[in-house]
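# here are the coordinates; sequence isn't available:
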């Protein structure tokens, strides 16, 4: 689908910082056509960070970032001004009204990662397998001999596909202690996750910060173990990036990864424990100008990440729209990049994650699967930056 541009607004926030009022009044201005748009989702306000364009259309620049504090701080939409094209949606997201309806009866938050926007994934990204409970509602796995019981919230589409847990435990969580900067360009909020509803081994506090700048959108998640036991933590993001031209057949992708993670199939997408070289394969996206992705289905994980100045720089280029986007992983703990592209759709997901899929599986042997161990009092910080660029003619 090609989502319409949703001009979103902020009706109110909790505990605003001094000097925010003027920015909030500006952000609340809306057209008559927006009257039916919800201003809250899951009991908390929809927040839109905004800035005024300054380049006169001469260079690409970010304009807005819309966040759902009521749904795990989902970075729902980003807009940008692109020379020669005007305002575009950076993320594939329908209208706010459609989003609100989709999430209204979404028990596990699956719609947040399976359909639109940019959901944050904590305390694990990707799939986790385990022993299915008799009622089919949960799976049980182990970390260092300690049992974890997780919601069985996903399965493949094929008959008899195995139910498993996927993409963390904050998709339906509300944020606390929200603060917006005086200029309306950033938001910081906390999720006092505790033991994630009884599913995790210790108690965790999350700090999530999103910053909007002319040349960058920054997302930071800090997870701190405030409990009494050690715990594993994985962090990731599931953004659906639009292809502004709508022509996926000519889009180019650069992933600085030397390894491809083998899976059993593209329905279950369970890792087999084998990691192979990308050389000479369809999974080699290491060329500086990227590789054309075509219209085929991808749901693949990449490892052996090569960093440039400490960053994992994934690049999406849409030559037909003179549009380019860098997704920069700034945290050394980021071990994998997941690339998901449904067949013939004008969007792709590019997910920079700490952990491999099914990180507790015995299939991995002694490989470090990216789950960070936090002792009581310790923290870990995931940070990813988006940057626009104009592709050079080839």
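Structure received. Note that the structure is predicted; figures quoted are calculated from it, not measured. Residues are numbered from 1 along each chain as shown.

# residue 152 reaches residue 164, doesn't it?
Yes. Counting by C-beta atoms under 8 Å, residue 164 is a contact partner of residue 152 at 6.4 Å. Where C-beta positions appear, they are placed from N, C-alpha and C, glycine not excepted.

# now for those two: what residues contact both?
residue 139 (C-beta atoms under 8 Å, 6 or more residues apart in numbering).

# could you measure from residue 58 over to residue 83?
6 Å (C-beta to C-beta, to the nearest Å).

# give me the more crowded residue out of these two.
For residue 58 and residue 83, the more surrounded residue by other C-beta atoms under 10 Å is residue 83, and the numbers stand at 15 against 9.

# and the nearest residue to that one once chain neighbours are set aside, its phi and psi?
Nearest residue to residue 83, sequence neighbours excluded (C-beta to C-beta, 6 or more residues apart in numbering): residue 57, at 5.5 Å. Torsion angles at residue 57 (phi, psi; degrees, to the nearest 10) stand at phi 80, psi 10.

# would you mind measuring from residue 57 to residue 84?
Using C-beta to C-beta, residue 57 is found at 8 Å from residue 84.

# neighbour-wise, which of those two wins?
The neighbour comparison of residue 57 against residue 84 (other C-beta under 10 Å) goes to residue 57, with 13 against 9.

# now the more buried one: how far from residue 294?
For residue 57, the distance to residue 294 - C-beta to C-beta - is 32 Å.

# likewise for residue 373?
Counting by C-beta to C-beta, the gap from residue 373 to residue 294 is 40 Å.

# try residue 311
Distance, residue 311 to residue 294, by C-beta to C-beta: 27 Å.

# which of those two has more residues huddled nearby?
Taking neighbours as other C-beta under 10 Å, residue 311 and residue 294 compare with residue 311 leading, 20 against 14.

# quick check: bridge partners of the residue nearest to residue 185 when sequence neighbours are not counted?
What sits nearest to residue 185 in space, not counting adjacent residues and going by C-beta to C-beta, 6+ apart, is residue 212, at 5.0 Å. Beta bridges link residue 212 to residue 217 when assigned by DSSP bridges.

# touching, residue 267 and residue 157? I think so.
Yes. If you go by C-beta under 8 Å, residue 267 and residue 157 touch, sitting 6.0 Å apart.

# these two: which is more packed in?
Neighbour count, other C-beta under 10 Å: between residue 267 and residue 157, residue 267 has more, with 14 against 7.

# for residue 113, grab phi and psi.
According to degrees, to the nearest 10, residue 113 has phi -110, psi -20.

# so what's it scoring on pLDDT?
At residue 113, the model reports a pLDDT of 95.

# can you check residue 344 too?
The model reports residue 344 with a pLDDT of 87.

# residue 12 now?
Residue 12 is assigned 31 on the pLDDT scale.

# still on that earlier bit, what sits against the residue nearest to residue 185?
Shown in contact with residue 212 (C-beta under 8 Å, 6+ apart): 49, 50, 51, 62, 64, 65, 185, 186.

# want to throw those into TSV with neighbour count?
Output for those, formatted as TSV (neighbours: other C-beta atoms under 10 Å):
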residue	neighbour count
49	26
50	20
51	17
62	22
64	22
65	30
185	17
186	17
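
# looking at the residues you listed, spot the one nearest residue 363.
Nearest to residue 363 among those: residue 65, at 38.3 Å, using C-beta to C-beta.

# which residues does the closest one contact?
Residues in contact with residue 65 (C-beta under 8 Å, 6+ apart) are 48, 49, 75, 77, 78, 210, 212, 217.

# now with 7 Å, please.
Residues counted as contacts of residue 65 (C-beta atoms under 7 Å, 6 or more residues apart in numbering) are 49, 75, 78, 210, 212, 217.

# residues near the last one, how many?
Other residues lying near residue 217 total 22 when counted by other C-beta under 10 Å.

# from what I see, it and residue 388 are in contact.
No. With contact defined as C-beta atoms under 7 Å, residue 217 does not reach residue 388; the gap is 9.3 Å.

# give me the common contacts of those two.
Contact criterion C-beta under 7 Å, 6+ apart; residues shared by residue 217 and residue 388: residue 62.

# which residues of the stretch 251-394 of the chain fall in strands?
Assigned by DSSP state E, counting those that start in this stretch, the stretch 251-394 of the chain shows strands spanning 252-254, 257-263, 271-277, 291-292, 298-305, 312-318, 323-329, 336-341, 347-353, 372-374, 379-389.

# of all the ones you listed, which one is nearest residue 194?
strand 372-374 (14.4 Å).

# list the buried residues in the closest one.
For strand 372-374, burial by neighbour count (16 or more other C-beta atoms under 10 Å) applies to 372, 374.

# number the chain from 603, please
That works, and once the first residue is 603, the last one we named lands at strand 974-976.

# pull the distance from it to the chain's centre.
Distance of strand 974-976 from the chain centroid (C-alpha atoms, centre = their mean, to the nearest Å) equals 21 Å.
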